[in-house]
Every structure is written in structure tokens, then in C-alpha cells.
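[1] have a look; sequence and predicted model below, questions after that.
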Amino acid sequence: MKAWLPATHVGIPCPFRLVTGLQCPGCGMTRAASSLLSLDAPQAFAYNPLPFVLAPLFLAYLFAKKRKANRTGNAIMAVMLAMTIAFGVLRNLPGWESWAS
């Protein structure tokens, strides 16, 4: 990906953004992944901070499910879903870029 994207100038278009003009919660993930391949975590976080927040929660979810703590796992999944929706809304509000920088 690191060599392919700059060589071809072909990214992965977001269907949600193409239709609505708004950023979905996953917009910026290709650039974030490319930055992580370059070991540039701060830039990856700037492109899309959501995976950095969700990753530890997802590990907690997997741990809860492995322990058969279904109520805890379901609660963690609900929090992750709420955070994803909230991030998708907030990042499209005016002033998000200045606040998030």
C-alpha cells in the first residue's frame, strides 16, 4: 500500500462521502494505515483518531466474550457503536478541524 498509493494516485473512495459529501467515521483510514506503515502514529491519529480509541475497547470486548461475560461484552460493543456514531456526526460539524487539531 505504501508504494502502490503514491505510484498510482488511486485511493479507496468512500461511497458515503461520494453520495453525501460528508465524512463517514472511516474516512481517512487508508491514509492512517499508510502513516502507520511509515511508523508515523501522530499523523495516523490526525487522519482518523477513532481506531486508536476503539482498539483498546475492542480488546476488552474480546476478553469479555472469551470469559463469557456477555453483558459486559454487549455493553462495550454498545459504547463502541455510540462512539463511532458520535464521531461520524462530530467530525462533520463546523469547527471540527480546528478543535481536533
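    The structure has been received and is ready for your questions.
[2] which strands and helices sit next to the helix or strand encompassing Phe87?
    When elements are assigned from DSSP states H and E, Phe87 belongs to helix 70-90. On a contact count with 3 or more C-beta pairs under 8 Å, 6 or more residues apart in numbering; DSSP states H and E, helix 70-90 meets helix 50-66. C-beta coordinates here come from the backbone N, C-alpha and C atoms, glycine included.
[3] packing partners of the helix it packs on?
    Using 3+ C-beta pairs under 8 Å, 6+ apart, helix 50-66 is in contact with helix 70-90.
[4] check which residues of the helix it packs on are buried.
    By neighbour count with 16 or more other C-beta atoms under 10 Å, helix 70-90 contains the buried residues Gly73, Ile76, Met80, Thr84, Phe87, Gly88.
[5] what lies in contact with it?
    By C-beta atoms under 8 Å, 6 or more residues apart in numbering, the residues outside helix 70-90 that reach it are 23-25, 49-50, 53-54, 57-58, 60-61, 64-65, 96.
[6] by how many degrees do it and helix 50-66 diverge?
    Per axes from the mean of the first three to the mean of the last three C-alpha atoms, to 10 degrees, the angle that helix 70-90 makes with helix 50-66 is 170 degrees.
[7] in PDB, list the C-alpha atoms belonging to helix 70-90.
    Taking Å, rounded to 0.1, in the frame of the first residue of the first chain, the C-alpha atoms of helix 70-90 are listed here in PDB:
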ATOM      1  CA  ASN A  70     -21.900 -11.400  27.700                       C
ATOM      2  CA  ARG A  71     -23.500  -8.400  29.500                       C
ATOM      3  CA  THR A  72     -20.100  -6.700  29.800                       C
ATOM      4  CA  GLY A  73     -19.200  -7.600  26.200                       C
ATOM      5  CA  ASN A  74     -22.500  -6.200  24.900                       C
ATOM      6  CA  ALA A  75     -22.100  -3.000  26.900                       C
ATOM      7  CA  ILE A  76     -18.600  -2.500  25.500                       C
ATOM      8  CA  MET A  77     -20.000  -3.100  22.000                       C
ATOM      9  CA  ALA A  78     -22.800  -0.600  22.600                       C
ATOM     10  CA  VAL A  79     -20.200   2.000  23.800                       C
ATOM     11  CA  MET A  80     -18.100   1.400  20.700                       C
ATOM     12  CA  LEU A  81     -21.100   1.800  18.400                       C
ATOM     13  CA  ALA A  82     -22.200   5.000  20.200                       C
ATOM     14  CA  MET A  83     -18.600   6.400  19.900                       C
ATOM     15  CA  THR A  84     -18.500   5.600  16.200                       C
ATOM     16  CA  ILE A  85     -21.800   7.300  15.500                       C
ATOM     17  CA  ALA A  86     -20.900  10.300  17.700                       C
ATOM     18  CA  PHE A  87     -17.500  10.600  15.900                       C
ATOM     19  CA  GLY A  88     -19.200  10.400  12.500                       C
ATOM     20  CA  VAL A  89     -21.500  13.300  13.500                       C
ATOM     21  CA  LEU A  90     -19.000  15.500  15.200                       C
END
